[in-house]
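# give me a 3D structure for the following:
(chains A and B)
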Amino acid sequence: DQQVKQNSPSLSVQEGRISILNCDYTNSMFDYFLWYKKYPAEGPTFLISISSIKDKNEDGRFTVFLNKSAKHLSLHIVPSQPGDSAVYFCAASHDYKLSFGAGTTVTVRA
Amino acid sequence: NAGVTQTPKFRVLKTGQSMTLLCAQDMNHEYMYWYRQDPGMGLRLIHYSVGEGTTAKGEVPDGYNVSRLKKQNFLLGLESAAPSQTSVYFCASSRTGVGYNEQFFGPGTRLTVL
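I've put the predicted structure just below:
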């Protein structure tokens, strides 16, 4: 029973445009939400996080939005760059354990 | 600092064979984790440890055992490998489990069980 879902397996976006990645969750006990980025043959690396008491967190080109009532979060990347081409995992934290979504593969076209 | 390292990077086993995957971290982190990643399923927690000498089951623990004899090392064992254990295994560590919980990941071990 997957508690964190990323329903879009892939996303293709033109360089310079906005990338929007979505994530839904079912467990209302999650207290932090994180996004990880993964390149082929490497481990995931932390990108950005948000506490459940906030609705927005921004870090440079990356912004995460949280809608608790809808149990939905999104990651915005503006502007998208070729180096952003990777797999992005949404993760949710409860009781110091992380639950991950299946990932979204982002391809940034030149 | 090397961060989190995993040994080996690749391994092929025959059904019924055993092996141990080694994870080492040099960040003095208390918490360590083992995940497996399968296509279309994201990362799933196998076992974790909240400190030296402690281990606990995660979401998919069956067929695996772990040990944390030293704070910097976390070992994952397969006693009798099965084809269903073909996967990419990631180790991770974190400073604490309280609140914001950024985990640092190793590069992964790709295991194939024939």
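# tell me which residue in chain A sits closest to chain B.
Across chain A, the shortest distance to chain B (C-beta to the nearest C-beta) belongs to A:Tyr96, at 2.6 Å. For the C-beta atoms, the positions are set from N, CA and C on the backbone; glycine is no exception.
# that residue reaches B:Ser49, doesn't it?
No. Judged on C-beta atoms under 8 Å, A:Tyr96 makes no contact with B:Ser49 at a distance of 11.0 Å.
# what is in contact with the two at once?
Between them, A:Tyr96 and B:Ser49 have B:Tyr31 as joint contacts when contacts are counted by C-beta atoms under 8 Å, 6 or more residues apart in numbering or on different chains.
# okay, now residue 79: neighbour count?
You didn't pick a chain, so chain A it is. 14 (other C-beta atoms under 10 Å in any protein chain shown).
# my question was about chain B, not that one.
Applying other C-beta under 10 Å, we find 12 residues neighbouring B:Glu79.
# likewise the one 5 residues further on?
The tally of other residues near B:Ser84 (other C-beta under 10 Å) stands at 10.
# partners of A:Ala92 in the sheet?
A:Phe33, A:Ser99 (DSSP bridges).
# give the contact list for it.
Contact criterion C-beta under 8 Å, 6+ apart gives A:Gln3, A:Val4, A:Tyr25, A:Asn27, A:Phe30, A:Tyr32, A:Phe33, A:Leu34, A:Leu98, A:Ser99 as the residues in contact with A:Ala92.
# okay, A:Tyr96 and B:Ser49: which has more neighbours?
Each of A:Tyr96 and B:Ser49 has its neighbours counted (other C-beta under 10 Å); B:Ser49 has more, 21 against 17.
# thinking that one is in contact with B:Leu75, fair?
No. In terms of C-beta under 8 Å, B:Ser49 does not count as a neighbour of B:Leu75; the distance is 10.1 Å.
# overlap in contacts of these two?
For the pair B:Ser49 and B:Leu75, residues contacting each of them under the criterion C-beta under 8 Å, 6+ apart are B:Val66, B:Arg68.
# ramachandran angles for the residue of chain A closest to chain B?
When read as degrees, to the nearest 10, the backbone of A:Tyr96 gives phi 60, psi 20.
# what about residue 12, which helix or strand?
Since you didn't name a chain, this refers to chain A. Assigned by DSSP states H and E, A:Ser12 falls within strand A:10-14.
# looking at chain B here, not the other one
B:Val12 is part of strand B:10-13, with elements assigned from DSSP H and E.
# buried residues, the helix or strand that that strand is followed by. List them.
With elements assigned by DSSP H and E, the helix or strand that comes after strand B:10-13 is strand B:19-25. Going by neighbour count (16 or more other C-beta atoms under 10 Å in any protein chain shown), the buried part of strand B:19-25 is B:Met19, B:Leu21, B:Cys23, B:Ala24, B:Gln25.
# can you add distance to A:Cys90 and pLDDT and give those residues back as JSON lines?
As requested, these are arranged in JSON lines below (distance: C-beta to C-beta, whole Å; pLDDT from 0 to 100):
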{"residue": "B:Met19", "distance to A:Cys90": "31", "pLDDT": "96"}
{"residue": "B:Leu21", "distance to A:Cys90": "26", "pLDDT": "97"}
{"residue": "B:Cys23", "distance to A:Cys90": "24", "pLDDT": "98"}
{"residue": "B:Ala24", "distance to A:Cys90": "28", "pLDDT": "98"}
{"residue": "B:Gln25", "distance to A:Cys90": "24", "pLDDT": "97"}
